[in-house]
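Peer 1: coordinates only, sequence not included:
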């Protein structure tokens, strides 16, 4: 298994800062299905139509269900959705990317729990995407594309954007204890996140790291 596909690989879930308190209170990041069951209203930073289509997309490997039954994590920072958010092009969300935070875990942390999971070799909604549930199959992911922020199609590889959005999917709930660190865009955001952590009753308090390069620099176009 290559270094890039090592179980120590970090995983990244992006969410709005306003969701952090409810995530901690719930004991973890809930899937869309579990959010509805719990009656939790979360700030959605994704396209409404995409969310609806994910609710219909069947996961063909164990533990099954639909994409709405899973908590999605990316294998890299600055996923395409961050760029869309930075440009104000998300239907149903018009807030700044600065209010989006990264909840960081890792493959090894998650797989050492009782969580059920699977992963994809590209955007989970696309028909050609392959679903996998064995760690040995991590080599099926295009780690070269994952490792680059420029995911624009090329003549030799027109499928870069789909492959860049490969997902690690955790069924039901990703426990709060699996969050190793929290990434924020600026010092301005570190304070509010720290206040939320301090106000919680959780004994698990992840470190907060300022990671401006995990966000889109509008000068880059």
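Peer 2: On my side now, so go ahead. As the structure is a computational prediction, the values presented were derived from the model and not from experiment.
Peer 1: in the protein, what residue sits furthest out from the centroid?
Peer 2: The centre of the chain is farthest from one residue, residue 155, which by C-alpha atoms, centre = their mean lies 28.5 Å away.
Peer 1: gap between it and residue 199?
Peer 2: Per C-beta to C-beta, to the nearest Å, residue 155 is found 52 Å from residue 199. The way it works is simple: take the backbone N, C-alpha and C, and place the C-beta from them, glycine included.
Peer 1: before we move on, what about residue 99?
Peer 2: 18 Å.
Peer 1: neighbour count: these two, which is higher?
Peer 2: Just comparing residue 99 and residue 199: by other C-beta atoms under 10 Å the higher neighbour count belongs to residue 99, 18 against 10.
Peer 1: the more buried one touches residue 19, doesn't it?
Peer 2: No: shown here, residue 99 and residue 19 do not form a contact pair, counting by C-beta atoms under 8 Å, at 10.3 Å.
Peer 1: give me every residue that touches the nearest residue to residue 215 once chain neighbours are set aside.
Peer 2: Using C-beta to C-beta, 6 or more residues apart in numbering and skipping residues adjacent in sequence, the residue nearest residue 215 is residue 185, 4.8 Å away. Residues near residue 185 by C-beta atoms under 8 Å, 6 or more residues apart in numbering: 97-98, 100, 210-212, 214-215.
Peer 1: could you dump those to JSON lines with pLDDT?
Peer 2: JSON lines is the format used below for the contacts of residue 185 (pLDDT from 0 to 100):
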{"residue": "97", "pLDDT": "96"}
{"residue": "98", "pLDDT": "96"}
{"residue": "100", "pLDDT": "97"}
{"residue": "210", "pLDDT": "98"}
{"residue": "211", "pLDDT": "97"}
{"residue": "212", "pLDDT": "96"}
{"residue": "214", "pLDDT": "96"}
{"residue": "215", "pLDDT": "95"}
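Peer 1: show the buried residues in those.
Peer 2: Among the contacts of residue 185, those classed as buried by 16 or more other C-beta atoms under 10 Å are 97-98, 100, 211, 214-215.
Peer 1: go through the residues you listed and say which is closest to residue 107.
Peer 2: residue 214 (18.6 Å; C-beta to C-beta).
Peer 1: in the helix or strand bottoming out on mean pLDDT in the chain, what's buried?
Peer 2: Lowest by mean pLDDT, DSSP states H and E among the helices and strands of the chain is helix 48-54, with a mean of 82. Of all the residues in helix 48-54, those buried under the rule 16+ other C-beta under 10 Å are 50, 54.
Peer 1: packing partners of it?
Peer 2: Here helix 48-54 touches no other helix or strand, going by 3 or more C-beta pairs under 8 Å, 6 or more residues apart in numbering; DSSP states H and E.
Peer 1: that one: what's the following helix or strand?
Peer 2: Remark: after helix 48-54, the chain's next helix or strand is strand 70-74, criterion DSSP states H and E.
Peer 1: for that following strand, which outside residues touch it?
Peer 2: Contacts with strand 70-74, where a contact means C-beta under 8 Å, 6+ apart, come from 11-14, 29-31, 59, 105, 118, 124, 165-174.
Peer 1: which is the next helix or strand following that strand?
Peer 2: Using DSSP H and E, the helix or strand that follows strand 70-74 in sequence is helix 80-86.
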